[in-house]
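Visitor: Give me a 3D structure for the following:
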Amino acid sequence: MKAFVGAKIFTGERWLKDGALIVEEGKIAKVLMRKRIPRGAVVINLDGMYVTPGLVDAHSHIGMVEKGAGKDYADLNESSNPITPDVRAIDAFYPDDPAIEEARKSGITTVYITPGSSNPIAGLGSIVKLKRGNLRDMIIKERAGLKLSFGENPKATYGNSGKKPITRMAIAALIREAFYKAKVYCNKRRGKERDFEQEALCLALRKKIPVRAHAHRKDDILTALRIAEEFGLDIVIEHCTEGHLAKEEIKEYKNLKGCVNGPLLYFPWKVELKNLDFENPAILSRKGIKVAIMSDHPFTPAKYLMLYAALAHKRGMDEIEALKSVTKNPAELIGVGKKVGTLEPGKDADFVIWSSHPFEIKSQVIEVYIEGKKIA
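Guide: Residues are numbered from 1 along each chain as shown. Alright, predicted model coming up:
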């Protein structure tokens, strides 16, 4: 048993001054005041430092686009067909991507990796812990969410092909058609042969996984929500760039789990990004919508994830909510909130030690732990 004592500890819900984080067998045993340290614990003094849960990046392509390797090593988009629900992000994940070590050293311990946004139905996202060693030990869940894409990216990919989708109408039509066919398959399948495309769609239809809908513009956000309501799908809006323009409508949808906002430190190079603003997370959060902040690595580097949260706080997001946007909220939105995201007894001992408040520009990551083991 180890007791990390003397730091100011963010539990995932609140700050605890002069706290003690008790770790035993890779799990959080207790979080309490320093004066109540259990007898026999090995004490690690963190006076003047800060502790947070390990950071969770809820939307990343890390390991799928290898740092410095060029476009031939970018395996984001299977753009041979607009409907590819069967492909899995984990099958394109390279655990020795140098960016992963950078992410570890910046405090990121869990990531949701996802296919890109070229296809209306792009494939299955996966969840990995950024442990060292065997890939098998890194994987938390291979099929954790189904990526849908609306707006400019599918249009740009297929616009000159002479086949669907050329318009937003066709993007929505293809998604509806795929889910309708899968609904029939889910209800009637009794055959011997497996159809992996249909099975992936059935996971979403049966609410075993959410759909993760790439949607920047207000109209695309609302189209995604209508389709989710039509088929009874749990949904997370990815990017949600114009979410602040649709906050009233967004709040009404009962199947919405939340929004994964970003990348925020980004140049608005296409029309659907023109309203990009760090104030967006604050507006959505104040409306009672659960918000996580993404890196969308490599489009903005994962290693600056805490900086993106700090800048959201600068633009009006409550400090606790901004910290939750890269810890508790993303863990819940990707479906691993019972394991990580907060420093609660029984959860994995994934945590970060900071030299000062993590929102301070000079704050340094001192150490990073996954399941009680120092990894950076």
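Visitor: Can you verify my assumption that Pro120 contacts Asn153?
Guide: No. Using CB atoms under 8 Å, Pro120 is not in contact with Asn153, being 9.6 Å away. For the C-beta atoms, the positions are set from N, CA and C on the backbone; glycine is no exception.
Visitor: between those two, which one's more packed in?
Guide: Shown here are Pro120 and Asn153; by other CB atoms under 10 Å, Pro120 has more neighbours (29 against 22).
Visitor: So the more buried one versus Ala331, what's the distance?
Guide: From Pro120 over to Ala331 the distance is 28 Å, taken as CB to CB, to the nearest Å.
Visitor: Name the helix or strand for Pro298, please.
Guide: Using DSSP states H and E, Pro298 sits within no helix or strand.
Visitor: ugh, wrong one, Cys259
Guide: Using DSSP H and E, Cys259 falls in strand 256-261.
Visitor: Quick one, grab the pLDDT at Arg190.
Guide: pLDDT, Arg190: 64.
Visitor: In three-state terms, label Tyr112 for me.
Guide: strand (DSSP: H, G, I helix; E, B strand; the rest coil).
Visitor: any weak-confidence spans in this structure?
Guide: For the chain, applying pLDDT under 70 flags the ranges 189-192.
Visitor: after the longest helix anywhere in it, next one along is what?
Guide: In the chain, taking DSSP state H as the definition, the longest helix is helix 168-188. Next helix or strand after helix 168-188 toward the C-terminus (DSSP H and E): helix 196-205.
Visitor: Show me what that following helix is in contact with.
Guide: With contact meaning CB atoms under 8 Å, 6 or more residues apart in numbering, helix 196-205 is reached by 83-86, 121, 123-124, 143, 146, 178-179, 181-183, 185-186, 189, 209-211, 231-234.
Visitor: go again using 6 Å as the cut-off
Guide: 85-86, 124, 146, 182-183, 185-186, 209, 211, 233 (CB atoms under 6 Å, 6 or more residues apart in numbering).
Visitor: Kindly report the same for stretch 168-182.
Guide: So stretch 168-182 is contacted by 82-83, 120-121, 150, 154, 164-165, 198, 201-202, 223, 227, 231 (CB under 6 Å, 6+ apart).
Visitor: before we move on, the earlier item: any chance of a markdown table for the contacts of helix 196-205, columns distance to Phe351 and neighbour count?
Guide: A markdown table is the format used below for the contacts of helix 196-205 (distance: CB to CB, whole Å; neighbours: other CB atoms under 10 Å):
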| residue | distance to Phe351 | neighbour count |
| --- | --- | --- |
| Pro85 | 36 | 27 |
| Asp86 | 36 | 16 |
| Leu124 | 29 | 27 |
| Leu146 | 31 | 25 |
| Ala182 | 40 | 24 |
| Lys183 | 43 | 16 |
| Tyr185 | 44 | 17 |
| Cys186 | 41 | 16 |
| Ile209 | 27 | 21 |
| Val211 | 31 | 27 |
| Leu233 | 34 | 23 |
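Visitor: Checking Gly125 next. Helix, strand or coil?
Guide: Assignment for Gly125 (three-state DSSP): strand.
Visitor: Quick check: bridge partners of it?
Guide: Following DSSP bridges, Gly125 is listed with bridge partners Gly145.
Visitor: any idea how far it is from Thr223?
Guide: 20 Å.
Visitor: Compare these two (neighbour count), which wins?
Guide: Neighbour totals were compared for Gly125 and Thr223, and Gly125 leads with 28 against 20 (other CB under 10 Å).
Visitor: who's in contact with the more buried one?
Guide: Taking CB under 6 Å, 6+ apart, one finds 89, 112, 114, 144-145, 147 in contact with Gly125.
Visitor: Looking at the contacts of stretch 168-182, which one is closest to Asn280?
Guide: The closest of those to Asn280 turns out to be Phe150 (CB to CB; 17.5 Å).
Visitor: Would you agree that closest one is in contact with Ala215?
Guide: Yes. Using CB atoms under 6 Å, Phe150 is in contact with Ala215, at 4.6 Å.
Visitor: Check the gap between Met33 and Leu343 for me.
Guide: 14 Å.
Visitor: neighbour-wise, which of these two wins?
Guide: More neighbours surround Leu343 than the other of Met33 and Leu343, with 28 against 12 (other CB under 10 Å).
Visitor: what about the residue nearest in space to the middle of the chain, helix or strand, and which?
Guide: Geometric centre of the chain, nearest residue: Ala58, 0.6 Å, by CA atoms, centre = their mean. Ala58 belongs to strand 55-60 when assigned by DSSP H and E.
Visitor: how far does the helix or strand following that strand sit from the chain's center?
Guide: Downstream of strand 55-60, the next assigned helix or strand under DSSP H and E is helix 98-105. In terms of CA atoms, centre = their mean, to the nearest Å, the centre of helix 98-105 is set 16 Å apart from its chain centre.
Visitor: Buried residues, helix 98-105. List them.
Guide: In terms of neighbour count (16 or more other CB atoms under 10 Å), helix 98-105 has its buried residues at 99-104.
Visitor: got a list of contacts for it?
Guide: With contact meaning CB under 6 Å, 6+ apart, helix 98-105 is reached by 62, 67, 130, 302-303, 368, 375-376.
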